[in-house]
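[1] Any chance you could fold what I've pasted below:
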Amino acid sequence: MAPTRRNFLDIAALAATCGPARGDAILPAVARAATQDAANGYVAKSGDGGFAREATRLPPGAAVAYHDPADVAAMPDFRFALDAGKPRVATGGWVKEVSARQFPIGKGIAVVHGLLDPGAARELHWHATAAEWAIVLDGRCQTVVIDPSGASEINNFERGDIWYFAKGHGHAIQTIGDKPCNILLAFDDGSFSPDTGAFSITDWIDLAPKDLLAQEFALPNEAFDAFPRGETFIQAGPVLAPENALEAPWPRESTHRFRLGGDARAARDFDGGAFRLASSEEFPASKTMSGATMVLARGALHKLHWHPNANEMIYFLRGKGQVALFGSGGRGKVAQCGPGDVAYVPRGFGHAIRNIGDEELEMVQVWDSGRFEEIKFDQLVRLSPSYLLANNFKGVPPDVITRLKRG
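    Numbering: from 1, shown residues only. Okay, the predicted model is just below:
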């Protein structure tokens, strides 16, 4: 039987039910069947249809478009097991990372998961190529950030708080209290890595000639013999008691901190889901990135949609989820994700997320644009004329199209 668009959607649904292995096996069969279907219609030759304003009609071609696998690249893997990777361990904690080097589809966003021990500090540093967005998953910490004007801000963070540091702005992170601080960080450059994209204060001191440093800080050369020989990265140290943690925040409209869980502006809940969003509208400092948390109830669906202006990275915190990704050229793929996994959705690709586990599905979402934009598939259907839908979905009964438009 030649495939129709309905056949493909049925197959995609079957793939979603059977999981990634079954779905990937079925999709090539669609391409093979489409090849046979293409032979049933008019096959055009060079020059058919006329030229310029002398265009003419042609006999009908195939009922559905054929996408030649030779012309359309396969849908790449879009799930990566971030927390199954090897951590980079320092004296005061560790990080795990995923960038386009390990995860080729992730060209727009890189992600780092880090744990800072009590008393530890991620030393003063900056990123020449990427802005940094972060959310505190657990524990408490303090950040210091310095901007080009010479102004600095000191903020204290708790679980659910987020920060944003612009590209090139100096900053540091230090744990507060006797509990480790668990952090997820995202960067608006898919090639970013802490190894190559961050320049640290200890590296600079180690690389600079002692006589230059002596002149810079009005100290004798030998004063710099005691400094670390290389980058300390995350340095262990004495515990910073909460009562000793300074705080010097900027006004809310310019601060680098946003309380995602506690700010009413962030709430955008929907049926079956709790959604907390911080774009540049809610969090003005976050000019090049947006971020959110989402919790889906058992069996709930974050419905088919796409983002016209941004790539998306999803980090799974809890539960068992299924992500369906759809692209041009007849491509579709389904993957299952659990705690510690990330899924990457390229800009403009249709996708949906479903909770297929026995508990709530919790995730962090990040986009590489300060402006959050989303178009929902059901909106596309509801807002289109019925006669257009009848044309697009030829053979579908009118009552089905009516029900589609009702949502």
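
[2] Contact partners for Ser279?
    Contact analysis of Ser279 by CB atoms under 8 Å, 6 or more residues apart in numbering lists 286, 290, 370-372. To be clear about C-beta, it is placed using only N, CA and C from the backbone, and glycine gets the same treatment.

[3] and stretch 359-374, C-alpha only, in CSV?
    The C-alpha coordinates for stretch 359-374 follow below in CSV (Å, rounded to 0.1, in the frame of the first residue of the first chain):
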residue,chain,number,x,y,z
GLU,A,359,5.7,9.4,38.4
GLU,A,360,5.8,13.1,37.5
LEU,A,361,8.3,14.0,34.7
GLU,A,362,10.5,16.9,35.7
MET,A,363,12.8,18.8,33.4
VAL,A,364,14.8,22.0,32.7
GLN,A,365,14.5,23.6,29.3
VAL,A,366,16.9,26.2,27.8
TRP,A,367,16.7,28.2,24.6
ASP,A,368,19.4,30.2,22.9
SER,A,369,17.3,33.4,22.5
GLY,A,370,16.2,35.9,25.1
ARG,A,371,12.8,36.1,23.4
PHE,A,372,10.6,33.0,23.9
GLU,A,373,8.6,32.1,20.9
GLU,A,374,6.4,29.0,20.4
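
[4] what comes up buried for that stretch?
    Neighbour-count burial for stretch 359-374 flags 360-370, 372 (criterion: 16 or more other CB atoms under 10 Å).

[5] Name the nearest of those relative to Phe192.
    Of all those, the one with the least separation from Phe192 (CB to CB) is Asp368, at 11.1 Å.

[6] That closest one against Gly106, yeah?
    No. Asp368 is beyond contact range of Gly106, at 10.4 Å (criterion: CB atoms under 8 Å).

[7] Need the nearest residue in space to Pro346, chain neighbours excluded.
    Distances taken as CB to CB, 6 or more residues apart in numbering put Asn311 closest to Pro346, at 5.7 Å, once the chain neighbours are dropped.

[8] just checking, that neighbour touches Gly348?
    No. Using CB under 8 Å, Asn311 is not in contact with Gly348, being 9.2 Å away.

[9] what about those two, which has more around it?
    Neighbours were counted for Asn311 and for Gly348 using other CB atoms under 10 Å; Asn311 has more, 22 against 14.

[10] so Glu253 sits in a helix?
    No. Looking at Glu253 with DSSP: H, G, I helix; E, B strand; the rest coil, it is coil, so not inside a helix.

[11] Hmm, it is touching Phe283, no?
    No. In this structure Glu253 lies outside contact range of Phe283 using CB under 8 Å: 9.7 Å.

[12] quick one, which of those two is more surrounded?
    Set side by side, Glu253 and Phe283 show more neighbours around Phe283, with 29 against 8, by other CB under 10 Å.

[13] any idea how far the nearest residue to that one once chain neighbours are set aside lies from Ser280?
    On the basis of CB to CB, 6+ apart, the spatially nearest residue to Phe283 that is not a chain neighbour turns out to be Phe258, at 4.2 Å. Distance, Phe258 to Ser280, by CB to CB, to the nearest Å: 11 Å.

[14] between these two, what contacts are shared?
    Ser286.

[15] Looking at the two, which has the bigger crowd around it?
    More crowded of Phe258 and Ser280, by other CB under 10 Å: Phe258, with 24 against 17.

[16] Distance check, the more buried one against Pro284.
    9 Å.

[17] what do Asp368 and Gly106 both touch?
    Common contacts of Asp368 and Gly106 (CB under 8 Å, 6+ apart): Asn311.

[18] burial measure for Gly41, as a count.
    Counted with other CB under 10 Å, residues neighbouring Gly41 total 14.

[19] Surely His307 touches Asp368?
    No. Using CB under 8 Å, His307 makes no contact with Asp368, being 9.9 Å away.

[20] Dihedrals phi and psi, Asn221?
    Dihedral angles phi and psi of Asn221 (degrees, to the nearest 10) take the values phi -50, psi -40.

[21] Now do the contacts for it.
    210-211, 213-214.

[22] could I get stretch 252-265 in CSV with only the CA atoms?
    C-alpha atoms of stretch 252-265 as CSV (Å, rounded to 0.1, in the frame of the first residue of the first chain):
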residue,chain,number,x,y,z
ARG,A,252,15.3,43.8,40.0
GLU,A,253,15.1,45.2,36.4
SER,A,254,18.9,44.7,36.0
THR,A,255,19.9,42.0,38.5
HIS,A,256,21.6,38.8,37.3
ARG,A,257,19.3,36.7,39.6
PHE,A,258,15.7,35.5,39.0
ARG,A,259,13.7,33.4,41.4
LEU,A,260,12.1,31.1,38.9
GLY,A,261,10.1,29.1,41.5
GLY,A,262,8.9,32.1,43.4
ASP,A,263,8.2,34.9,40.9
ALA,A,264,4.5,35.0,39.7
ARG,A,265,5.5,36.4,36.3
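
[23] Name the residues of that stretch that are buried.
    So stretch 252-265, judged by 16+ other CB under 10 Å, has buried residues 255-258, 260-261, 263.

[24] and those as TSV, adding secondary structure?
    Compiled in TSV, the buried residues of stretch 252-265 are given as follows (three-state DSSP):
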residue	secondary structure
Thr255	coil
His256	coil
Arg257	strand
Phe258	strand
Leu260	coil
Gly261	coil
Asp263	coil
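
[25] closest to Leu246 among the residues you listed?
    Arg257 (14.2 Å).

[26] Paired strands for the helix or strand Lys96 falls within, with orientation please.
    Using DSSP states H and E, the element containing Lys96 is strand 93-98. Using DSSP bridges, strand 93-98 pairs in its sheet with strand 88-90 (antiparallel), strand 110-116 (antiparallel).
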